[in-house]
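# no sequence on hand, only this structure:
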């Protein structure tokens, strides 16, 4: 499993959503994106529902996950 907490992409703080990892500067849990993708929804569908998250944040998260999973 990859760890991105406290990165520029994700933050986790007990004061925000009880420490749930969220996209930095938002209250949107990263798990919500994963749930959308698992349900067959698109990134654009997610962004439409959560306008405080930017496409750049989503792409950066996916790129970092790819690097960590593939060992790049």
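Arrived safely, thanks for sending. All values reported here derive from a predicted model rather than from experimental measurement.
# low pLDDT regions in the chain?
1-7, 72 (pLDDT under 70).
# could you redo the last one with a cut-off of 80?
1-7, 71-72 (pLDDT under 80).
# can you check which helix is longest in it?
helix 55-70 (DSSP state H).
# which secondary structure elements does that one sit against?
helix 30-38, helix 43-49 (3 or more CB pairs under 8 Å, 6 or more residues apart in numbering; DSSP states H and E). All C-beta atoms are positioned from the backbone trio N, CA, C, and that covers glycine.
# how long is stretch 36-49 from one end to the other?
10 Å (CA to CA, to the nearest Å).
# neighbouring contacts of that stretch?
32-33, 53-55, 58 (CB atoms under 8 Å, 6 or more residues apart in numbering).
# between those, which sits nearest residue 19?
Set against residue 19, the nearest of the contacts of stretch 36-49 by CB to CB is residue 32 (15.5 Å).
# I'd like to know how many residues surround the residue nearest to the closest one when sequence neighbours are not counted.
The shortest distance from residue 32 to any non-neighbouring residue, by CB to CB, 6 or more residues apart in numbering, is to residue 50 (6.9 Å). For residue 50, the neighbour count with other CB atoms under 10 Å is 18.
# surely residue 50 is in contact with residue 28?
Yes. Checked against CB atoms under 8 Å, the pair residue 50 and residue 28 is within contact range at 4.8 Å.
# before we move on, back to that, including mean neighbour count and distance to residue 66, could the helices and strands packed on helix 55-70 go into a markdown table?
Output for the helices and strands packed on helix 55-70, formatted as a markdown table (neighbours: other CB atoms under 10 Å; distance: least, CB to CB, whole Å):
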| stretch | mean neighbour count | distance to residue 66 |
| --- | --- | --- |
| helix 30-38 | 15 | 14 |
| helix 43-49 | 14 | 14 |
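# right, I'll leave it there.
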